[in-house]
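**Student:** Show me how the following folds:
(one chain, ligands or ions: 1)
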Amino acid sequence: MSRKPIIAGNWKMHNNSAQSAELAVGIMQELKNEDKNNLPEVVIAPVFTSLYAVDKELKNCGCGKVTLAAQNCYYEPKGAFTGEISIEMLKDFDLKYIIIGHSERRQYFNESDELINKKAIAILENGFLPIVCCGETLEQREEGITDKHIASQITKAFENISAEDTAKSVIAYEPIWAIGTGKTCDSVEANRVIKMIRETIRGLKGDMAADSIRILYGGSVKPETIEEQMAQSDIDGALVGGASLKADSFAKIVRGAMA
Ligand code: 13P
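**Tutor:** Numbers count the residues shown, from 1 in each chain. Take a look at the predicted model:
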């Protein structure tokens, strides 16, 4: 079964509107000579305050090579939730994906599996697609509970979500010890964990969902690592942090993912 690869840039808490617009334009410029049909799905996730400016640049370009994503959302449509942004509000933009459950949100903002599940359900009900992040700490890896922990995160995140909606969703496996550390997870090991995630989905939702869902690797992905990562059987792309903040390095990763 062939799954369209995704290279997604998570810009985290970087760049104001002007800087984000410049980076988006830079990425489109880098990709201007590439045939759209050969490209992976290229996704960028700026901060909320930059969505308007980046959305405008993507529309101006009209090349259709870059897709917009948000880094987070709240599941209630509106109300007394100071500081939150609802999925309804994200309909202002031509946006396709919403990242949820990033380890930084779980760690610094105490996001629970239950909250992530509520967000995933609301995202799918509103016609967007979640990029559900999971991953183990170094301590969990050393304790030998990586698979158990990740299977539990995935099982809870996809509770009460149909096989059809699961199939359209995206998962990003991001070992926490590999994020922002330069210590990329060995590709064979990343593929093993991602296969385990796919088999977890198979057990929960059946073959169609397991064979369709795209599962990305994230954690110190660089232009030098992407080809080996993409050569693995079950890695369907990458969620890139640091290396997505420069148009040339992000474009190199995109090109590295082109078969
Ligand atoms: P780095 O690529 O900077 O390690 O970040 C990975 C990440 O957390 C993407 O969501």
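**Student:** just the strands in the stretch 51-200 of the chain please.
**Tutor:** 66-70, 95-100, 129-134, 170-173 (DSSP state E, counting those that start in this stretch).
**Student:** got the buried residues for the second one?
**Tutor:** In other words, strand 95-100. Residues 95, 97-100 are the ones in strand 95-100 that count as buried (16 or more other C-beta atoms under 10 Å). Glycine gets a C-beta too; all of them are placed from N, C-alpha and C.
**Student:** Tell me the strands beside that strand, with direction?
**Tutor:** strand 66-70 (parallel), strand 129-134 (parallel) (DSSP bridges).
**Student:** What are the contacting residues of that strand?
**Tutor:** With contact meaning C-beta atoms under 8 Å, 6 or more residues apart in numbering, strand 95-100 is reached by 8, 10, 43, 45, 51, 55, 67-73, 87, 90, 116, 119-120, 123, 128-133, 157, 170, 172, 239.
**Student:** any chance of the strands of the stretch 51-200 of the chain in TSV, plus distance to the ligand and mean pLDDT?
**Tutor:** Shown next, in TSV, are those (distance: least, C-beta to the nearest ligand atom, whole Å; pLDDT from 0 to 100):
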stretch	distance to the ligand	mean pLDDT
strand 66-70	11	98
strand 95-100	7	98
strand 129-134	7	98
strand 170-173	7	98
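**Student:** how near is D147 to E136?
**Tutor:** 9 Å (C-beta to C-beta, to the nearest Å).
**Student:** Who has more neighbours out of those two?
**Tutor:** E136 (24 against 16; other C-beta atoms under 10 Å).
**Student:** what's the more buried one in contact with, if anything?
**Tutor:** By C-beta under 8 Å, 6+ apart, the residues touching E136 are 145-146, 149-150, 175-177.
**Student:** what do you get for I27?
**Tutor:** 9, 42, 44, 66, 247, 250-251 are the contacts of I27 under C-beta under 8 Å, 6+ apart.
**Student:** Ranking by neighbours, what's the top pick from those?
**Tutor:** G9 (29 neighbours).
**Student:** since we're on the closest residue to that residue other than its chain neighbours, how many residues are nearby?
**Tutor:** Excluding its sequence neighbours, the residue lying closest to G9 (C-beta to C-beta, 6 or more residues apart in numbering) is S244, at 2.8 Å. S244 has 27 neighbours, counted by other C-beta under 10 Å.
**Student:** what's the spacing between S244 and the ligand?
**Tutor:** 7 Å (C-beta to the nearest ligand atom, to the nearest Å).
**Student:** wait, D234 sits on K195?
**Tutor:** Yes. Contact status for D234 versus K195: in contact at 4.7 Å, counting by C-beta atoms under 8 Å.
**Student:** Pull the contacting residues for the residue in the chain that the ligand sits nearest to.
**Tutor:** Nearest to the ligand, among the residues of the chain, is G241, at 2.2 Å (C-beta to the nearest ligand atom). By C-beta under 8 Å, 6+ apart, the contact list for G241 reads 10, 12, 179-180, 218, 221.
**Student:** Now it: phi and psi?
**Tutor:** Dihedral pair for G241: phi -100, psi -100, per degrees, to the nearest 10.
**Student:** My read is that A21 contacts Y52, right?
**Tutor:** No. A21 lies out of contact with Y52 (C-beta under 8 Å); the separation is 9.4 Å.
**Student:** So these two - more neighbours on which side?
**Tutor:** Applying other C-beta under 10 Å to A21 and Y52 shows that A21 carries more neighbours, namely 21 against 14.
**Student:** so where does that one fall, helix or strand?
**Tutor:** Assigned by DSSP states H and E, A21 belongs to helix 17-30.
**Student:** any idea which helix or strand comes after that helix?
**Tutor:** Past helix 17-30, the next helix or strand by DSSP H and E is strand 41-45.
**Student:** That next one vs strand 95-100, what angle?
**Tutor:** Strand 41-45 and strand 95-100 are oriented at 60 degrees to each other (axes from the mean of the first three to the mean of the last three C-alpha atoms, to 10 degrees).
**Student:** Tell me which other helices or strands strand 41-45 touches.
**Tutor:** Strand 41-45 sits against strand 6-10, helix 17-30, strand 66-70, strand 95-100, with contacts defined as 3 or more C-beta pairs under 8 Å, 6 or more residues apart in numbering; DSSP states H and E.
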